[in-house]
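Asker: Give me a 3D structure for the following:
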Amino acid sequence: MALHLNLLHEEILEQRQRQRDPLKIGMMVLGGLGALMLVYYMWNAYKTLEIRNRLAQTQRDWAKVEPKVTAAQKRSAELNSIISTTKVLDGIIDGRFYWGPFLEKLSRCVALNAQLTNIDGTVLEDNKVSVTIEGLAAGREPRAAAEELRQLLLEQLGQGYNETKVEFKTLEDLDTIVNIGGSNLGMAHFGLNVTFTTGAAKPTPPPRARTPRP
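Answerer: Next comes the predicted model:
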């Protein structure tokens, strides 16, 4: 059996102890952590620079587009204002009362033995219209002729307007005699108060049929 002598036993033992030194191992660990932290910091710094570059590019692009966007917003506000004004005007026009149809209905009611001398109309609130009519009527019974005009006017206006009322303000006989168609007829002066609301006349509901009792 061969005998081996290790003359470097103490040096080898010291070397192994130095390799197992806790302080050295701790320093190596700290060095590794420092390297990782450095890499992490460099990565974050790179990402930060990239974000800043993107932000700067976005700001430059926005600086180019901003005047157009501001002009478009102003134009949009102007158009919205014009549209709102147009809607208001359309509402006023749609709800406006036109005197032409009223005068047309009035002309249909005036017979040859009647003459209108004055018409005064006013549009009130809530689509109400008030009209004052003065004129002369001739006939064997001039008051009856004026009443016929009133009834005809009530019928004609009731077909196109709501809450129609035609009432005499004044009705008086005159001493004047007028010749119409070779006949001497008496005359009367009348004044009418006409009130109604604009809009189509509401249809009258049909009467209910009564159920016969058993």
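
Asker: The closest residue to Arg150 other than its chain neighbours - how many residues pack around it?
Answerer: Residue nearest to Arg150 in three dimensions, not counting chain neighbours: Val166, with 5.3 Å by C-beta to C-beta, 6 or more residues apart in numbering. Placement of C-beta: from N, CA and C, glycine included. For Val166, the neighbour count with other C-beta atoms under 10 Å is 22.

Asker: From Leu192, how far out is Glu172?
Answerer: 13 Å (C-beta to C-beta, to the nearest Å).

Asker: With neighbour numbers in mind, choose between these two.
Answerer: Leu192 (22 against 11).

Asker: right, and that one touches Val166 too?
Answerer: Yes. Using C-beta atoms under 8 Å, Leu192 is in contact with Val166, at 5.9 Å.

Asker: Looking at stretch 188-202 now, give me its mean pLDDT.
Answerer: For stretch 188-202, mean pLDDT rounds to 80.

Asker: which residues are in contact with that stretch?
Answerer: Stretch 188-202 has contacts (C-beta atoms under 8 Å, 6 or more residues apart in numbering) with 95, 97, 126-138, 142-143, 145-146, 149-150, 153, 157-174.

Asker: that older thread, hang on, isn't the residue nearest to Arg150 packed against Leu157?
Answerer: Yes. At 7.0 Å, Val166 counts as touching Leu157 under the criterion of C-beta under 8 Å.

Asker: buried ones in stretch 91-105?
Answerer: In terms of neighbour count (16 or more other C-beta atoms under 10 Å), stretch 91-105 has its buried residues at 102, 105.

Asker: now do stretch 176-188
Answerer: Neighbour-count burial for stretch 176-188 [16+ other C-beta under 10 Å]: 178, 185-188.

Asker: Please flag which of those sit within helices.
Answerer: Among these, no member falls in helices (DSSP state H).

Asker: Output the contacting helices and strands for the longest strand that the chain contains.
Answerer: Longest strand of the chain, by residue count under DSSP state E: strand 162-180. Applying 3 or more C-beta pairs under 8 Å, 6 or more residues apart in numbering; DSSP states H and E, one finds that strand 162-180 makes contact with strand 128-139, helix 142-158, strand 183-197.

Asker: what does it contact?
Answerer: Residues outside strand 162-180 that contact it (C-beta under 8 Å, 6+ apart): 112-113, 132, 136, 138, 142-143, 146, 150, 153-154, 157-158, 184-202.

Asker: Convert it to PDB, retaining C-alpha atoms only.
Answerer: What follows is strand 162-180, C-alpha atoms only, in PDB (Å, rounded to 0.1, in the frame of the first residue of the first chain):
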ATOM      1  CA  ASN A 162    -111.000  76.700 -33.100                       C
ATOM      2  CA  GLU A 163    -113.100  78.500 -30.500                       C
ATOM      3  CA  THR A 164    -114.700  80.700 -33.100                       C
ATOM      4  CA  LYS A 165    -117.000  83.400 -31.900                       C
ATOM      5  CA  VAL A 166    -118.800  86.100 -34.000                       C
ATOM      6  CA  GLU A 167    -120.800  88.600 -32.000                       C
ATOM      7  CA  PHE A 168    -122.500  91.900 -32.700                       C
ATOM      8  CA  LYS A 169    -120.900  94.900 -31.100                       C
ATOM      9  CA  THR A 170    -123.300  97.300 -32.700                       C
ATOM     10  CA  LEU A 171    -126.400  96.900 -34.900                       C
ATOM     11  CA  GLU A 172    -128.600  99.900 -35.800                       C
ATOM     12  CA  ASP A 173    -130.900 100.900 -38.600                       C
ATOM     13  CA  LEU A 174    -130.100 103.800 -40.800                       C
ATOM     14  CA  ASP A 175    -132.400 106.300 -42.500                       C
ATOM     15  CA  THR A 176    -130.600 105.800 -45.800                       C
ATOM     16  CA  ILE A 177    -132.400 104.100 -48.600                       C
ATOM     17  CA  VAL A 178    -130.300 102.300 -51.300                       C
ATOM     18  CA  ASN A 179    -131.500 101.000 -54.700                       C
ATOM     19  CA  ILE A 180    -130.300  97.500 -55.500                       C
END
